[in-house]
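Enquirer: Fold the following and give me the result.
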Amino acid sequence: MIKGKNSKRSSNLLRWEMWGIILISLAGSLLHFSFALSGDWKPLGIISAVNESVWEHLKLAFWPALFYAFIEYFFIRPKSSLGRNFFLAKAIGAFSMPFFIVIVFYTYTAFVAESILAVDITTFWVAVAVGQILSYFLITHLKLSISLNWLGLALLAAGALIFAIFTFYPPHLGIFQDSNTLGYGILNGPH
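Expert: The predicted model follows:
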């Protein structure tokens, strides 16, 4: 249990995580439309959805969570001893969001045979909440070697690289296929 100064720091961190749920969800929602609104500016496609594939929608959780984690780090790290597991916790939280989305999407569509917009939006918001709460729990309850923070940074960098590469060169698998055009990635999409 966290006591004294750490309790106050934990409370401050919890506020950051709760605000993160809102800000990450709003940013992800905006990224859904930003590529098309930009006139299909390819560099923006790295962080925006470039088509209607499941994969492209996973970026809408990952990238805002990554950006928010770095902003959050600079505000809480100097004031907190809780930063010991920060990047590992953020990596696990950021990857849990797309994982949650994939599990829920493919589970419910196996039963109803098509996606339902309201369910997809709710799933997105819940996935962001799960990732933020999970990262809060890991930051505040684990006492791991600080060297694992480097592993967390490496995982976040690898995730960013994979999302960027697969925007332009996705494997021809169902998760990467645009449900509207049946194309793949930015180079084969309608945008």
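Enquirer: show me the contacts for the most centrally placed residue in the chain.
Expert: The central residue of the chain, meaning the one whose C-alpha is nearest the mean C-alpha position (C-alpha atoms, centre = their mean), is residue 62 at 2.2 Å. The contact partners of residue 62, by C-beta atoms under 8 Å, 6 or more residues apart in numbering, come to 94-95, 97-98, 159-160, 163. Backbone N, C-alpha and C define where each C-beta goes, glycine included.
Enquirer: what do you get if the cut-off is 6 Å, keeping everything else the same?
Expert: Applying C-beta atoms under 6 Å, 6 or more residues apart in numbering, one finds that residue 62 lies in contact with 94, 98.
Enquirer: Figure out the helix or strand that it lives in.
Expert: Assigned by DSSP states H and E, residue 62 belongs to helix 54-76.
Enquirer: and that helix, average pLDDT?
Expert: The predicted model gives helix 54-76 an average pLDDT of 95.
Enquirer: residues of the helix or strand that that helix is followed by that come out buried?
Expert: Scanning forward in sequence from helix 54-76 by DSSP H and E, the next helix or strand is helix 86-112. Of all the residues in helix 86-112, those buried under the rule 16 or more other C-beta atoms under 10 Å are 86-102, 104-105, 108.
Enquirer: between the longest helix anywhere in the chain and helix 86-112, what angle do the directions make?
Expert: With residue count as the measure and DSSP state H as the assignment, the chain has helix 4-37 as its longest helix. On the basis of axes from the mean of the first three to the mean of the last three C-alpha atoms, to 10 degrees, helix 4-37 is oriented at 50 degrees to helix 86-112.
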